[in-house]
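J.: this one's structure only:
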């Protein structure tokens, strides 16, 4: 388990006591540290991934091949004691390969549903944009409603349920751009980027004795992770902080360089992520800084620019991040007193 494993008392109904935020923060710090034994020099990316997990969201990791996208997802999955599945997205992958399929049982003379790989607590979707849009859309119901409907029957997914998907830049050969509805299901998007020289040297040293991923032990059990998530839901957000999140999202809908702004789902997920970030930092209430710090990761990938937005001399993703940064800088920050 952990150096400071958390224990919980239960009453006669079996209900667990709420986990104190201080213990949520301590365990989250241990999870981050465990992942960083594999991922060198990417503290912000690792912390964002843990934040999304505690917010019960979904994370899209986009970057060029070989920078550790899948390794980050696998390291996070190995650091928590939950069920994990992996889907390798390819052009010939079918929707039923993701959600499951009904198979005819000759002995019982009836069809029986065989669950697909989405029936796990953490689903790693590798290179999601190499599958066709039809197959990508198989995840829409799963990610939004945490259920699968097949042949008129609805099957509930486990809790927590989180998708960590990786994708290559859409300019690369053999990729399909994710539809707006699919991107909107992802709570946050991050880019790994190349490591600096020191981190790359550390990576070479860490690989001398084999794959460090195989040595990762879970930091928390499933019940502990659920208790952490429940504690995050209880983090207080004042009306002024909620109004600040609404103002940031609303500003994307009126921006001259954006054809499509962020959805109401983005507002909900921005506040949920801010609650998780506050808990990770040991705060029992959300600060405006928590909202502002996550705005770029939560909002930028949902936006659609008008053609002239690319004239900034950057690629589209960079231009959208710059727009969100401008919105954060220009939106008044509430005074909490």
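T.: That came through fine. Just so we're clear, the structure is a prediction, and the values are computed from it rather than from any experiment.
J.: pLDDT weak spots in the chain?
T.: The model of the chain has pLDDT under 70 over residues 1-17, 170-174, 208, 210, 308-314, 337.
J.: Find the centremost residue of it, please.
T.: residue 59 (2.4 Å; CA atoms, centre = their mean).
J.: Now do the helices in the protein.
T.: In the chain, the helices defined using DSSP state H lie at 21-35, 43-54, 69-79, 95-99, 133-136, 139-145, 180-185, 197-206, 222-233, 239-253, 264-280, 288-299, 316-330.
J.: need those helices in TSV with mean neighbour count and distance to residue 125, can you?
T.: Placement of C-beta: from N, CA and C, glycine included. Formatted as TSV, the helices of the chain follow (neighbours: other CB atoms under 10 Å; distance: least, CB to CB, whole Å):
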stretch	mean neighbour count	distance to residue 125
helix 21-35	20	18
helix 43-54	23	14
helix 69-79	23	9
helix 95-99	19	9
helix 133-136	18	9
helix 139-145	18	7
helix 180-185	17	11
helix 197-206	12	24
helix 222-233	19	20
helix 239-253	18	26
helix 264-280	24	18
helix 288-299	24	18
helix 316-330	17	19
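J.: right, so of those helices, which gets closest to residue 213?
T.: Closest approach to residue 213 among those (CB to CB): helix 69-79, 6.0 Å.
J.: Show which residue of this protein lies farthest from the average position.
T.: Outermost in the chain, CA atoms, centre = their mean: residue 107 at 42.1 Å.
J.: how much space is there between that one and residue 153?
T.: To residue 153, residue 107 is 20 Å away according to CB to CB, to the nearest Å.
J.: what sits up against stretch 244-252?
T.: Contacts to stretch 244-252, defined as CB atoms under 8 Å, 6 or more residues apart in numbering, come from residues 258, 261-262, 264, 266-267, 270-271, 274, 288, 291-292, 295, 299, 303, 323-324, 327-328, 330-334.
J.: Stretch 136-156 now?
T.: Against stretch 136-156 from outside (CB under 8 Å, 6+ apart): 58, 89, 95-96, 98-102, 111, 113, 115-116, 118-119, 125, 128-129, 157, 159, 161, 163, 176, 178-179, 181-182, 185-186.
J.: what about that stretch, how long is it end to end?
T.: Stretch 136-156 stretches 19 Å from its first residue to its last (CA to CA, to the nearest Å).
J.: next one: it to chain centre, how far?
T.: From the chain centre to the centre of stretch 136-156 is a distance of 18 Å (CA atoms, centre = their mean, to the nearest Å).
J.: Same question for stretch 65-74.
T.: Using CA atoms, centre = their mean, the offset of stretch 65-74 from its chain centre is 14 Å.
J.: got it, and stretch 263-274?
T.: Computed by CA atoms, centre = their mean, the chain-centroid distance of stretch 263-274 equals 13 Å.
J.: what do you get for stretch 273-283?
T.: Averaging C-alpha positions (CA atoms, centre = their mean) puts stretch 273-283 15 Å from its chain's average.
J.: Stretch 149-162 too?
T.: Distance, stretch centre to chain centre, for stretch 149-162: 19 Å (CA atoms, centre = their mean).
J.: likewise stretch 147-165?
T.: Distance, stretch centre to chain centre, for stretch 147-165: 16 Å (CA atoms, centre = their mean).
J.: buried set for that stretch?
T.: Neighbour-count burial for stretch 147-165 flags 148, 150, 157, 160, 161, 162, 163, 164, 165 (criterion: 16 or more other CB atoms under 10 Å).
J.: Likewise for stretch 254-267?
T.: Going by neighbour count (16+ other CB under 10 Å), the buried part of stretch 254-267 is 255, 257, 258, 261, 262, 263, 266, 267.
J.: residues touching the last one, list them.
T.: Just to be clear, that refers to residue 267. Counting by CB under 8 Å, 6+ apart, residue 267 touches 245, 246, 249.
J.: What separation do you get for it and residue 160?
T.: With CB to CB as the criterion, residue 267 and residue 160 are 21 Å apart.
J.: re the thing from before, rebuild the helices of the chain as CSV, extending it with distance to residue 216.
T.: CSV is the format used below for these (distance: least, CB to CB, whole Å):
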stretch, distance to residue 216
helix 21-35, 6
helix 43-54, 13
helix 69-79, 4
helix 95-99, 26
helix 133-136, 29
helix 139-145, 26
helix 180-185, 28
helix 197-206, 12
helix 222-233, 15
helix 239-253, 34
helix 264-280, 19
helix 288-299, 24
helix 316-330, 30
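J.: And these: which comes nearest residue 214?
T.: Evaluated over the helices of the chain, closeness to residue 214 peaks at helix 69-79, with 8.7 Å, by CB to CB.
J.: And that closest one, what does it pack against?
T.: Under the contact criterion of 3 or more CB pairs under 8 Å, 6 or more residues apart in numbering; DSSP states H and E, helix 69-79 touches helix 21-35, helix 43-54, strand 59-62, strand 84-88, strand 122-126, strand 162-167.
J.: Domain-wise, how is the protein divided?
T.: Using automatic domain parsing, the domains assigned to the chain come out as 16-206+217-233, 235-337.
J.: circling back to that earlier point, among the buried residues of stretch 147-165, which two are most distant?
T.: Greatest spatial distance among those (CB to CB): 150 and 164, at 23.5 Å.
J.: ok, residue 270 touching residue 293?
T.: No. Residue 270 lies out of contact with residue 293 (CB atoms under 8 Å); the separation is 10.7 Å.
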